[in-house]
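*Asks:* Below is the sequence, then the predicted model.
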Amino acid sequence: MQENSVPQFILKEKLEELIDGQKVHAVMFYSFNFDPIFFENYVMPLFVQEANFSDLMIYNKILWRKYQKEDKIPAITVYCDYYAKATESAPSLGYDINCIQVPNQKNYICNFHPKHIFILVDVKGAKASHSEKRKKLIMVTGSGNITPSGWCDNFECFSIQEIFTNKVKPNSVKRNTIQKLIFQTKSLTISKGNGNIQENFSDDDLEGAERKINDFLKFVDTDDDFVQNRREKNKAFYYHNSLFQNFNEFIKTHIPEKETIHTIEIVSPYFSSDISLLSLLNKELSNPTIHILVPRLKSNQVNLLEESFKKMKVHGVHWCNWANPDLNKEVRDLHAKMYRFHGDKKVYTVIGSVNFTNPAWKKFNKMDNQSNIESAELFIESDDKVYNLLSRLSESEIEKLEFVPVIKEDLEFLEENTLDRNAPHLEFTLDWKEKTLFVQSEKKKDMNGFHYHNLFENCKVRNNQLLKLSDVEMKVLSSNSIIKLEKVINDRKCIYSYYPNHKNIEVKPFEFKLSALQILQLWQKLNQEEKAQQDLLNLIQHATNESGVFKDELLIPVSILNEMASYFNALIDLEKFLFPQKDPKKLEELTYYLFHENIDTIPFYLKTLEQEVEQGKHKNLYWMVLQIIINNIYDKAKTMKFKTEDEEVREFKLNVAKQVKYLKKRAAYIAQEIPGMESKQVQDWVIKEIKRKEYA
């Protein structure tokens, strides 16, 4: 730190620097608010190295399917608060998402409020023999949520650590502090928010990113809540989480009794309406001087009730600006949470999610359920190396302050249950392959009186219900997979939003169209990846309007009949690409092109061409294409030899056979609608010529 300054950086750029171009193995987020569109288009691209994402969501969705096929996407898990997540759009990719409903006592609000990022990444240049020793865990603790405000707009505060292994053999029984956090947080999902948190878990209860990070942490020893940075031995931090203890106990534990705290600096955007926390600090720390940063908005107005401001001033609070005048010029909403306890010998700095509010300072207790789940880190510095962050306002400056009413709908501010928090604890699973939605709950009564909102003809919700998706519902949910339920409570319609689990997401339909010819054009560049991606980006840019919305009608129409002979060659290019004489394609890649839904796959192409046929176009072409794909691609896939004939290979060949059967049925139907093609003899002759590739 420089004198009277706070180091400033853009979080995304700082994480890019720490990842340093290395492979990311797992990523886990804890957040209060969660915006899936922002996450998938701004945050997730950080974790795929050498990726070429754009600011066009449609293009990014295509790339995500491609990177999934290439196994370039790390395991990703997100935890957020159910009531603070975005309610108008759901995640569109296949990462794990857990929306926590923290159990609350009547008239109280309890939030899942920690903000963490855990990134398990390779260490550049590491040559250790054990795989875990070649990795490091980047741990971010702070105040920013996974939203544009939390990452781009607000004034936020973060602590960033790099944790390395310090053991040769893994701990098989004892868990360190961060492992305990992972298991305790996981318990909130298994309890389904009913307050009965399961205390004991095995590693088998973890999945995806959680399991990989936990496996790494088996090689990291910590002393209770103390974590030592191996590379900077003088730098250590103590970890706080309200699942373990309340905030006041945490502070008392790590500030020695012999240390006299003469000044406390507090940075918080939200405050309780009473003065109980001020009284607690004065009692526990012998009446220190308390400096609090004025919680300003972008408008420079104060985000605090004037009555509360004056009450706190009467009880000894010195309201402040930043000591660094440059920070006072920042046009940002204050959302950082930071405490600095100045003693005679040391300064104790706490950074995290803990507002200066009663629910934030309490321990989460499943018996009374009156507190948030919060997290923070405490650092200890020598007094001669630190400085004051805050500077007192003069009375004349205080008189000029403008106050605005605190937004009552802000869940982070509220302490009383004035909003509807009666969402049932349900789990939805969308199976894109089977075209079904399954719903289940631990309690049947959770379903009582609930109906689907604008889905399934608003039918009732029932436990263990398996609903078949119609074409309309497939189209709606492929565009936005949010599941909404409605119920009339006290003569008021209440609507609740859910993020479903995705099963077989690789065959999820796209919500936009390309022409069959445009797909063929892409196939002609299968071995020119960079050129193909640029052509695709240009195509989507042309079809995206000024509001960023993809419009099929903006695509330039091209007559496929005029280009038929030329673009049959694209099918040959595809065949050569899938079945090269040297270096045969892996099973995963063949599965992608033959069965998945993406811009460059056969199912997507056939569906597009079929839609054109349904409009009365290109029946001859469609029949011909079906025969080429059946005989020269799927039949070849069916006879391929693999090194091992395991269950995955057998399933692949079974799917090939099913697809061939379906496509032959489609071809036979279309042939009857083509003059001169009704004869089986004629069809067999054409198929024979196709196999000889005379069509090229």
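*Replies:* Yep, it's here.
*Asks:* and Phe642, how many residues sit next to it?
*Replies:* Neighbour count of Phe642, defined by other C-beta atoms under 10 Å: 15. In this view, the C-beta of every residue, glycine as well, is placed from N, C-alpha and C.
*Asks:* Is it in contact with Leu587, as I believe?
*Replies:* Yes: the pair Phe642 and Leu587 passes the contact test of C-beta atoms under 8 Å, sitting 6.6 Å apart.
*Asks:* Need the overlap of contacts for the two.
*Replies:* Val649 (C-beta atoms under 8 Å, 6 or more residues apart in numbering).
*Asks:* okay, and for the stretch 301-450 of the chain, where does confidence drop off?
*Replies:* 366-368, 383-385, 406-420, 444-446 (pLDDT under 70).
*Asks:* what about the helices in it?
*Replies:* 306-314, 358-361, 395-399 (DSSP state H, counting those that start in this stretch).
*Asks:* which one of the ones you listed lies closest to Ile97?
*Replies:* helix 358-361 (24.3 Å; C-beta to C-beta).
*Asks:* other SSEs contacting the closest one?
*Replies:* helix 247-254, helix 276-284 (3 or more C-beta pairs under 8 Å, 6 or more residues apart in numbering; DSSP states H and E).
*Asks:* Just say which of those helices is most tucked in.
*Replies:* helix 247-254 (a mean of 18; mean count of other C-beta atoms under 10 Å).
*Asks:* Centre of the chain to that one, how far?
*Replies:* The chain centroid and the centroid of helix 247-254 are separated by 32 Å under C-alpha atoms, centre = their mean, to the nearest Å.
*Asks:* circling back: Throw the helices and strands packed on helix 358-361 into a markdown table and include mean pLDDT and distance to Gly616, thanks.
*Replies:* Below are these laid out as a markdown table (pLDDT from 0 to 100; distance: least, C-beta to C-beta, whole Å):
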| stretch | mean pLDDT | distance to Gly616 |
| --- | --- | --- |
| helix 247-254 | 94 | 70 |
| helix 276-284 | 93 | 73 |
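*Asks:* For Pro424, which of those is the nearest?
*Replies:* Using C-beta to C-beta, those put helix 247-254 closest to Pro424, at 31.8 Å.
*Asks:* Return the list of helices and strands in contact with that closest one.
*Replies:* Helix 247-254 packs on strand 236-241, helix 276-284, strand 346-352, helix 358-361, strand 375-382, going by 3+ C-beta pairs under 8 Å, 6+ apart.
*Asks:* Roughly how far does Arg666 sit from Tyr348?
*Replies:* Plainly put, Arg666 is 71 Å away from Tyr348 if you go by C-beta to C-beta, to the nearest Å.
*Asks:* Over to Pro114?
*Replies:* Taking C-beta to C-beta, one finds Pro114 at 20 Å from Tyr348.
*Asks:* Of these two, which one has the most company?
*Replies:* Pro114 (27 against 22).
*Asks:* That one reaches Glu377, doesn't it?
*Replies:* No: contact criterion C-beta under 8 Å: Pro114 and Glu377 do not qualify, at 11.2 Å.
*Asks:* shared neighbours of the two, anything?
*Replies:* 141, 352.
*Asks:* Select, out of the helices and strands packed on helix 358-361, the one closest to Phe9.
*Replies:* helix 247-254 (26.6 Å).
*Asks:* could you point out which element follows that closest one?
*Replies:* strand 261-267 (DSSP states H and E).
*Asks:* Let me know the average pLDDT across that next one.
*Replies:* Mean per-residue pLDDT for strand 261-267: 96.
*Asks:* Which strands or helices does it pack on?
*Replies:* strand 289-293, strand 338-343.
*Asks:* let's see it at 10 Å
*Replies:* Judged by 3 or more C-beta pairs under 10 Å, 6 or more residues apart in numbering; DSSP states H and E, strand 261-267 is in contact with helix 276-284, strand 289-293, strand 317-322, strand 338-343, strand 346-352, strand 390-392.
*Asks:* how about it as CSV, C-alpha atoms only?
*Replies:* The C-alpha coordinates for strand 261-267 follow below in CSV (Å, rounded to 0.1, in the frame of the first residue of the first chain):
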residue,chain,number,x,y,z
ILE,A,261,-7.6,-0.3,20.6
HIS,A,262,-7.7,3.4,20.4
THR,A,263,-9.4,3.9,17.0
ILE,A,264,-11.8,1.8,14.8
GLU,A,265,-12.3,2.6,11.2
ILE,A,266,-15.5,1.2,9.6
VAL,A,267,-16.4,1.0,6.0
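*Asks:* ok, back up a step: same list, the helices and strands packed on helix 358-361, but as CSV with distance to Asn104 please.
*Replies:* Listed next are those as CSV, based on distance: least, C-beta to C-beta, whole Å:
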stretch, distance to Asn104
helix 247-254, 19
helix 276-284, 19
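*Asks:* Go ahead and confirm Asn33 touches Tyr82.
*Replies:* No: using C-beta atoms under 10 Å, Asn33 is not in contact with Tyr82; the gap is 11.3 Å.
*Asks:* Please, which helix or strand holds Lys212?
*Replies:* Counting by DSSP H and E, Lys212 is found in helix 208-217.
*Asks:* Please name every helix or strand in contact with that helix.
*Replies:* Helix 208-217 sits against strand 24-30, strand 75-81, strand 96-100, strand 116-122, strand 135-142, helix 177-190, with contacts defined as 3+ C-beta pairs under 10 Å, 6+ apart.
*Asks:* Adjacent strands (with direction) for the shortest one?
*Replies:* In the sheet containing strand 96-100, its partner strands are strand 75-81 (parallel), by DSSP bridges.
*Asks:* Distance from the chain centre to the strand it pairs with, please.
*Replies:* 6 Å.
*Asks:* Just the C-alpha atoms of it, please, in CSV.
*Replies:* Coordinates of each C-alpha in strand 75-81 appear next as CSV, following Å, rounded to 0.1, in the frame of the first residue of the first chain:
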residue,chain,number,x,y,z
ALA,A,75,-15.5,-27.8,-13.2
ILE,A,76,-17.5,-24.7,-12.0
THR,A,77,-19.8,-24.5,-9.0
VAL,A,78,-21.8,-21.5,-7.9
TYR,A,79,-23.6,-20.9,-4.6
CYS,A,80,-26.0,-17.9,-4.3
ASP,A,81,-28.9,-16.7,-2.2
